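[1] this one's sequence-less:
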Ligand code: BGC
């Protein structure tokens, strides 16, 4: 039974405490229930809220943006250049929150912190292409460990916006176009980050599907379709990762800004999903005080980027006037504190100085992601793997003599090993915070290391004549094609920029032993494909990308990546012919990036008529044949599938045998696709598993369909509905492959979100 603490008893206790230097009762749970680890995170947070002053609470609901806040009245004096800082309450053990972007590593855009380097993972598309839960976790755990060592305790990671358009500027930061794959892997990344007792976000909630006019675009999608697609990815990520925070997006969703959208933040996130952590805004995504606070926004991030100081004086006034009920204000604080406690951050204080970390082990994680995530798209005549017999190897383009390309924007990591090349942008919404940056992982050096006796030379892509001449006299030509993408801008078409298509065509004509390696943030078109025997999609391969690519080319690693995103045959196959609103935002950088000059652009609408049929499902529905389908990727061995057994009932289960019928060990990713019986439904990924197989080995695999991929969202009942009937299912090597197929019957069911 708990002791009842009357004021008299408290006085007695306090008096007694004066007699001893370390009062025995100081940490007594009765007095400080927030220290009682047996209580739930919410109960502890609630106790803290009750102990806080209004001023202390006000500190919690906004974060400072160090680049702008430095020297401002009231700003903390211990700002670390980064994305954000929340002032803690030391007397209650509430830590200062130091926030860093961290989707691909601890970011350090435009080298805000001089000399501060971190391990750079490949693009998240590579993680997605691995279809590997473990590698997603390892990547997150690695980033989280470095963040803690650098004293960052809130990571702006967990990007899981579905790729609805193949030219999205940030597609490289996300996990592709399928909600099941993206949701599961983002959950693993977040779980990995938070295994370090720090907070990860999941972002950007929701429908931040394009960069063009991202601050003003009104993304329109009916709620049913949203639950079956973009929201499902977030839900799975939240279930798997239990992120401390959700970052709401810049854009408008069905007529209300995402960060003041009650349907999203309160009805769905808290109500239907029961989310307990906090909702933080994207940087400069807040547009109101009472509306945002009452809709469910808990914390205004980088508040100096907003057009007004919505969550400081105005919030104080709104609470005093009752426009934001006091109980809601307390909720906001409680939600932040719940996230801090639940992730373990509250109980595991940060180091007070920067700590060392295991650079070599972390580099191995980066290389592993690159090796698992690189996709072999074409290998005519078994050209790859290459024998180390070529005497003259010519490497062309992409600055492959010095490094590998990375994607731009807030995720930019200043990688360990140094930056061999960095090109500032002359103009545009990203010019203030992005530079085209290469990591110091030279494919040329790595190729030379595997071929010590070969003469390896480099020719730039800028002189097609010189490249062709060099190709003619070579035994082997490796062309590195690049397509740069950045946050705050979409690319306007999928062609490789500049003269790269002409270059590849000319080089492949001059020498049939040509391999093309693509470093890109998403799909590219390949008009030269039939002329080139071997093509690798390496995405942005991270700080060990050169080594990973060389290992795959020369067979030290058997490629196993599968496309997490469809490669269209032409731009016109995509649901929209180009980014929506390009003309609207011309000459107005502020429409695509908060804090940029401009700001006159009126909102415009982006419609998503494809609904939940995102990516490969759109192609399936329209009967379009893409260049390479979702799920596709070759190997140096082959896998065959046999003996499919489907079981129905509550959900659908497929069991079958996978055999490595080739001569090399490798990893396969059998995929389960299911089509529900309702009219017009197209098949979708319902299960997958990455498995490692020795030559000749057979493995019996069982895949259980994620029930929500079989169900329809019922908006009036606010839940899932599985229709009774026959469900067609197949096991394939990719989304168009029907290696094994059958059907199973499911009973009708309804279940909560
Ligand atoms: C991006 C977020 C990022 C934030 C802080 C915003 O512009 O959209 O993804 O976390 O900046 O850098």
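    Here it is on my side, so go on. All of these numbers come straight from a predicted model, not from anything done at the bench. Numbers count the residues shown, from 1 in each chain.
[2] list the contacts for residue 220?
    Residues counted as contacts of residue 220 (CB atoms under 8 Å, 6 or more residues apart in numbering) are 254, 605, 606, 607, 608. Glycine gets a C-beta too; all of them are placed from N, C-alpha and C.
[3] In CSV: these, plus neighbour count, secondary structure and distance to the ligand.
    Shown next, in CSV, are the contacts of residue 220 (neighbours: other CB atoms under 10 Å; DSSP: H, G, I helix; E, B strand; the rest coil; distance: CB to the nearest ligand atom, whole Å):
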residue, neighbour count, secondary structure, distance to the ligand
254, 16, coil, 20
605, 12, strand, 21
606, 22, strand, 17
607, 12, strand, 22
608, 23, coil, 20
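[4] Determine whether the claim that residue 369 is in a strand is correct.
    No. Counting by DSSP: H, G, I helix; E, B strand; the rest coil, one finds residue 369 to be helix, located in no strand.
[5] per-residue confidence at residue 599?
    As predicted, residue 599 sits at a pLDDT of 87.
[6] Show me what the closest residue to residue 702 other than its chain neighbours is bridged to.
    Excluding the flanking residues, the one nearest residue 702 by CB to CB, 6 or more residues apart in numbering is residue 655, at 4.3 Å. Residue 655 has these beta-bridge partners by DSSP bridges: residue 645, residue 702.
[7] Contacts only, for residue 655.
    Counting by CB under 8 Å, 6+ apart, residue 655 makes contact with 644, 645, 647, 700, 701, 702, 703.
[8] got it, and residue 532?
    Neighbours of residue 532 in contact, by CB under 8 Å, 6+ apart: 378, 504, 508, 514, 515, 516, 526.
[9] what about 6 Å?
    Residue 532 makes contacts with 508, 514, 516, as judged by CB atoms under 6 Å, 6 or more residues apart in numbering.
[10] tell me which of the residues you listed is nearest to the ligand?
    Of all these, residue 516 has the smallest distance to the ligand: 31.4 Å, by CB to the nearest ligand atom.
[11] Specify the local secondary structure of the closest one.
    On the three-state scheme (three-state DSSP), residue 516 is labelled strand.
[12] didn't it look like it was pressed against residue 479?
    Yes. Using CB atoms under 6 Å, residue 516 is in contact with residue 479, at 4.9 Å.
[13] Next up, phi/psi of the residue nearest to residue 745 when sequence neighbours are not counted, please.
    Nearest non-adjacent residue to residue 745, counting by CB to CB, 6+ apart: residue 648, 4.5 Å away. Backbone torsions of residue 648, given as degrees, to the nearest 10, read phi -110, psi -140.
[14] mind listing what's buried in the helix or strand harbouring residue 317?
    Assigned by DSSP states H and E, residue 317 belongs to helix 313-321. Residues of helix 313-321 classed as buried by neighbour count (16 or more other CB atoms under 10 Å): 314, 315, 316, 318, 319.
[15] Would you mind pulling the contact partners of that helix?
    For helix 313-321, the external contacting residues (CB under 6 Å, 6+ apart) are 289, 290, 324, 329.
[16] Would you quantify the distance from the closest residue to residue 221 other than its chain neighbours to residue 229?
    Leaving out its chain neighbours, the residue that sits closest to residue 221 by CB to CB, 6+ apart is residue 608, at 4.5 Å. Distance check for residue 608 against residue 229: by CB to CB, to the nearest Å, it reads 9 Å.
[17] Neighbour-wise, which one of the contacts of residue 532 leads?
    residue 516 (28 neighbours; other CB atoms under 10 Å).
[18] For that one, give me its contacts.
    Residue 516 touches 479, 481, 504, 532, 535, counting by CB under 6 Å, 6+ apart.
[19] same thing with residue 129?
    By CB under 6 Å, 6+ apart, the contact list for residue 129 reads 373, 375, 561, 562, 564.
[20] let's see 8 Å
    Residues in contact with residue 129 (CB under 8 Å, 6+ apart) are 176, 372, 373, 374, 375, 537, 539, 561, 562, 563, 564, 633.
[21] Tell me the one among those nearest to the ligand.
    Distances from the ligand to the contacts of residue 129, taken as CB to the nearest ligand atom, are shortest for residue 176 (17.5 Å).
[22] Wait, the closest one touches residue 128, no?
    Yes. With contact defined as CB atoms under 8 Å, residue 176 reaches residue 128; the gap is 4.4 Å.
[23] next one: stretch 30-46 to chain centre, how far?
    Centroid separation for stretch 30-46 versus its chain: 33 Å, with CA atoms, centre = their mean, to the nearest Å.
[24] Show me which positions of it end up buried.
    Residues of stretch 30-46 classed as buried under the neighbour-count rule (16+ other CB under 10 Å) are 32, 33, 34, 35, 39, 41, 43, 44, 45, 46.
[25] In a markdown table: the residues you listed, plus pLDDT, distance to residue 416 and secondary structure.
    Formatted as a markdown table, the buried residues of stretch 30-46 follow (pLDDT from 0 to 100; distance: CB to CB, whole Å; DSSP: H, G, I helix; E, B strand; the rest coil):
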| residue | pLDDT | distance to residue 416 | secondary structure |
| --- | --- | --- | --- |
| 32 | 95 | 42 | coil |
| 33 | 96 | 43 | helix |
| 34 | 97 | 38 | helix |
| 35 | 96 | 38 | helix |
| 39 | 97 | 41 | coil |
| 41 | 98 | 35 | helix |
| 43 | 98 | 42 | helix |
| 44 | 98 | 38 | helix |
| 45 | 98 | 37 | helix |
| 46 | 98 | 42 | helix |
